[in-house]
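generate a structure from the sequence data that follows.
(4 chains)
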2 protein chains.
Amino acid sequence: MRLTVMSDYSLRVLMYLGAKPEHRATIQEIASAYGISENHLMKVVHGLGRQGFVETVRGRGGGLRLARPADKIKIGDVIKAVEDDFALVECFRDENVCRISNVCRLRGVLRLALEAYFRVLDDWTVADLVTTPTNLFALLSDLPSSSEPATRR
Amino acid sequence: MRLTVMSDYSLRVLMYLGAKPEHRATIQEIASAYGISENHLMKVVHGLGRQGFVETVRGRGGGLRLARPADKIKIGDVIKAVEDDFALVECFRDENVCRISNVCRLRGVLRLALEAYFRVLDDWTVADLVTTPTNLFALLSDLPSSSEPATRR
DNA sequence: TATAAGATGCATCTCACATATATCTTATTG
DNA sequence: CAATAAGATATATGTGAGATGCATCTTATA
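Residues are numbered from 1 along each chain as shown, chains lettered A, B, ... in the order given. Sure, this is the predicted structure:
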């Protein structure tokens, strides 16, 4: 019952971008803001790009921004897109060999529970995660390598 | 977002026992019924014993049975007992270093989702998982090494 | 006292996940 | 148009939790 760091990082990237929507951030900037691996983050961002959560621009002056407003990105959608394996137990899989799977109701119950899980997550958007955007951005830019501080409101 | 096979096997053991409550089953019997490793199952059963879900009896003629009626064992309680790590993302942990964790609401949202998940699982008991006990037991005893078939109703 | 059970500790295997390295492509800017 | 700064992509490797196996100990029963 855990999420991968891919999900963790994905959400952090979206929050970062959501905290300052007009700003086009680079991967390097975000990685150093959180103190995490730039290489690793690149994969995460690439995935977010392919799945339509962020817009990426190559080349000098490039970077990323949210593909849609933060309040239009549901947490549940992000998790569903990033996590791949929701086969909670063997009987969810095609190669299931459990011999009671046709009379047992476990699969159905677990699926119901998972639906309830996502129903909650889909009630929240990236915008909801960031209490006060300025606060968050100030926090993120309080570090050596970042560019200008978020002075303007 | 997956459960370990420990949970899977734990529930299968409880279902097996719940399907024929008066019968004291051995680990060997259950393992061969499902076609899974006896060694591995032994650990699972040991855990279930320590956590009070089953009563184990050593020695010749020993075996296991449910410690309480199947309809008094909630699925959610089993999962909670068997799975150990519900720290969905870094900020759930004590050694959290994410620098926005104090203004970010992710942790709270994920916790809510997890609660919803267990609220569903706690609505179901082991008894609910087994549609027709006789059916299930017939299915499970249809194999070489098992003792007498479940003829009686 | 032999045997059939579970209890326990240790060893190992294995794969998903995490991380790193290197090279390619694209866009901008001087 | 060349240099550079960005992301894209493929490959390699590390690593730890989870899964499995093996051997031995303990306990109860016949």
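
who touches residue A:3 in this structure?
Neighbouring residues of residue A:3 by CB atoms under 8 Å, 6 or more residues apart in numbering or on different chains: A:79, A:83, B:1, B:88, B:89, B:110. For glycine as for every other residue, the C-beta is placed from the backbone atoms N, C-alpha and C.

Provide a list of residues in contact with residue A:106.
Residue A:106 touches A:89, A:91, B:11, B:15, B:75, B:129, counting by CB under 8 Å, 6+ apart.

list just the nearest of the residues you listed to residue B:123.
If you rank these by distance to residue B:123 using CB to CB, residue B:75 comes first, at 8.4 Å.

what count of nearby residues applies to residue A:57?
Residue A:57: 12 surrounding residues under other CB atoms under 10 Å in any protein chain shown.

nearest residue to it other than its sequence neighbours?
In this structure, residue A:57 finds its nearest non-sequential neighbour in residue A:63, 6.1 Å apart by CB to CB, 6 or more residues apart in numbering or on different chains.

list phi and psi for the one you found.
Phi and psi for residue A:63, reported as degrees, to the nearest 10, are phi 140, psi -160.

my guess is residue A:26 contacts residue A:65. True?
No: using CB atoms under 8 Å, residue A:26 is not in contact with residue A:65; the gap is 10.9 Å.

quick check: pLDDT value at the residue nearest to residue A:57.
Each residue has a pLDDT score; the one for residue A:63 is 94.

same check, this time on residue A:141
60.

quick one, phi psi at residue A:99?
Backbone torsions for residue A:99, taken as degrees, to the nearest 10, come to phi -80, psi 0.

in helices, which of the contacts of residue A:3 appear?
A:79, B:110 (DSSP state H).

just send the contacts of residue A:3 back as TSV, with pLDDT, distance to DNA strand D and neighbour count too.
Converted to TSV, the contacts of residue A:3 look like this (pLDDT from 0 to 100; distance: CB to the nearest atom of the strand, whole Å; neighbours: other CB atoms under 10 Å in any protein chain shown):
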residue	pLDDT	distance to DNA strand D	neighbour count
A:79	95	18	24
A:83	90	15	16
B:1	77	12	19
B:88	76	12	21
B:89	87	14	21
B:110	93	17	25
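
reformat the contacts of residue A:3 as JSON lines; add distance to residue B:54.
As requested, the contacts of residue A:3 are exported to JSON lines (distance: CB to CB, whole Å):
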{"residue": "A:79", "distance to residue B:54": "35"}
{"residue": "A:83", "distance to residue B:54": "33"}
{"residue": "B:1", "distance to residue B:54": "28"}
{"residue": "B:88", "distance to residue B:54": "29"}
{"residue": "B:89", "distance to residue B:54": "34"}
{"residue": "B:110", "distance to residue B:54": "32"}
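
tell me where chain A has helices.
Using DSSP H, helices in chain A cover A:5-19, A:27-34, A:38-50, A:75-82, A:106-121, A:126-129, A:133-141.

what pLDDT does the nearest residue to residue A:14 once chain neighbours are set aside get?
Once flanking residues are discounted, residue A:14 sits nearest to residue A:126: 4.7 Å by CB to CB, 6+ apart. pLDDT for residue A:126: 95.

and residue A:126, how many residues sit next to it?
27.

which residue is the nearest non-sequential neighbour of residue A:83?
Distances taken as CB to CB, 6+ apart place residue B:1 nearest to residue A:83, at 5.0 Å, with adjacent residues excluded.

same question but for residue A:18, I mixed them up
Closest to residue A:18 by CB to CB, 6+ apart is residue A:70, at 3.4 Å.

can you list contacts of stretch A:49-57?
With CB under 8 Å, 6+ apart as the test, stretch A:49-57 has contacts from A:10, A:13-14, A:17, A:24, A:45-46, A:48, A:62-67, A:73, A:78, A:81-82.

at 7 Å instead, please
With CB atoms under 7 Å, 6 or more residues apart in numbering or on different chains as the contact definition, stretch A:49-57 has outside contacts at A:14, A:17, A:45, A:48, A:63, A:64, A:65, A:66, A:67, A:73, A:78, A:81.

and if you look at stretch A:72-79?
For stretch A:72-79, contacts defined as CB under 7 Å, 6+ apart pick out A:3, A:7, A:10-11, A:14, A:53, A:66, A:118, A:121-122, A:124-126, B:109.

quick check on residue A:84: phi, psi?
Per-residue torsions, residue A:84: phi -110, psi -30 (degrees, to the nearest 10).

burial of it, as a residue count?
The number of residues near residue A:84, taken as other CB under 10 Å, comes to 10.

same thing with residue A:33?
Around residue A:33 there are 22 other residues, counting by other CB under 10 Å.

using PDB, write down the CA coordinates of stretch A:113-130.
Provided in PDB are the C-alpha atoms of stretch A:113-130 (Å, rounded to 0.1, in the frame of the first residue of the first chain):
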ATOM      1  CA  ALA A 113     -12.300   0.200  -1.900                       C
ATOM      2  CA  LEU A 114     -10.000   1.500  -4.600                       C
ATOM      3  CA  GLU A 115     -12.900   3.400  -6.200                       C
ATOM      4  CA  ALA A 116     -13.600   5.000  -2.800                       C
ATOM      5  CA  TYR A 117      -9.900   6.000  -2.600                       C
ATOM      6  CA  PHE A 118      -9.900   7.700  -5.900                       C
ATOM      7  CA  ARG A 119     -13.300   9.300  -5.300                       C
ATOM      8  CA  VAL A 120     -11.600  11.300  -2.500                       C
ATOM      9  CA  LEU A 121      -8.500  12.100  -4.600                       C
ATOM     10  CA  ASP A 122     -10.700  13.300  -7.400                       C
ATOM     11  CA  ASP A 123     -12.300  15.800  -5.100                       C
ATOM     12  CA  TRP A 124      -9.000  17.700  -4.900                       C
ATOM     13  CA  THR A 125      -7.000  19.500  -7.400                       C
ATOM     14  CA  VAL A 126      -3.400  20.700  -7.600                       C
ATOM     15  CA  ALA A 127      -4.600  24.200  -6.700                       C
ATOM     16  CA  ASP A 128      -6.000  22.800  -3.400                       C
ATOM     17  CA  LEU A 129      -2.700  21.400  -2.400                       C
ATOM     18  CA  VAL A 130      -1.000  24.800  -2.300                       C
END
